[in-house]
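Engineer: got a structure for you, letters missing:
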């Protein structure tokens, strides 16, 4: 199941319609392929500390965590936004 944190919803609301479409497509692919490394390689899933990141295009990333088998979307933004978020939320 895909869940969203309020931080993701706030960031998503600021995106353009084209960016939202790319995020929606990436989330759909992520839900179908997470846990199958050969399948999710195409969307660039990688671990960043206790988070995971996937690509929704060249300039857009989705940050998420896995909790009890669910994928929880944390935030979405540029590479720099994701890095800053991870740094400020390091354990």
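Structural biologist: That came through, no problem. In this text the structure is predicted, and so the values were computed from the model without any measurement.

Engineer: what helix or strand does residue 86 sit in?
Structural biologist: Element membership for residue 86 (DSSP states H and E) is helix 79-88.

Engineer: helices or strands next to that helix in the packing?
Structural biologist: Applying 3 or more Cβ pairs under 8 Å, 6 or more residues apart in numbering; DSSP states H and E, we find helix 79-88 packed against strand 61-67, strand 70-77. Backbone N, C-alpha and C define where each C-beta goes, glycine included.

Engineer: what about 10 Å?
Structural biologist: helix 6-13, strand 46-48, strand 51-55, strand 61-67, strand 70-77 (3 or more Cβ pairs under 10 Å, 6 or more residues apart in numbering; DSSP states H and E).

Engineer: Tell me which residues of stretch 68-87 come out buried.
Structural biologist: Judged by neighbour count using 16 or more other Cβ atoms under 10 Å, the buried positions of stretch 68-87 are 71, 72, 73, 74, 75, 76, 77, 82, 85, 86.

Engineer: residues near residue 54, how many?
Structural biologist: Residue 54 has 24 neighbouring residues, counting by other Cβ atoms under 10 Å.

Engineer: same deal with residue 49?
Structural biologist: Using other Cβ under 10 Å as the criterion, residue 49 is surrounded by 11 other residues.

Engineer: just residue 13 next, same as before
Structural biologist: 8.

Engineer: Quick check: it touching residue 20?
Structural biologist: Yes: if you go by Cβ atoms under 10 Å, residue 13 and residue 20 touch, sitting 8.9 Å apart.

Engineer: low-scoring stretches of this protein, by residue?
Structural biologist: Applying pLDDT under 70 to the chain flags the ranges 35-42, 91.

Engineer: contacting residues for the residue most central in space within it?
Structural biologist: By Cα atoms, centre = their mean, the chain has its centre lying nearest to residue 62, at 2.2 Å. Residue 62 is in contact with 8, 11-12, 22-23, 26-27, 30, 43-45, 52-56, 71, 73-77, 82, counting by Cβ atoms under 10 Å, 6 or more residues apart in numbering.
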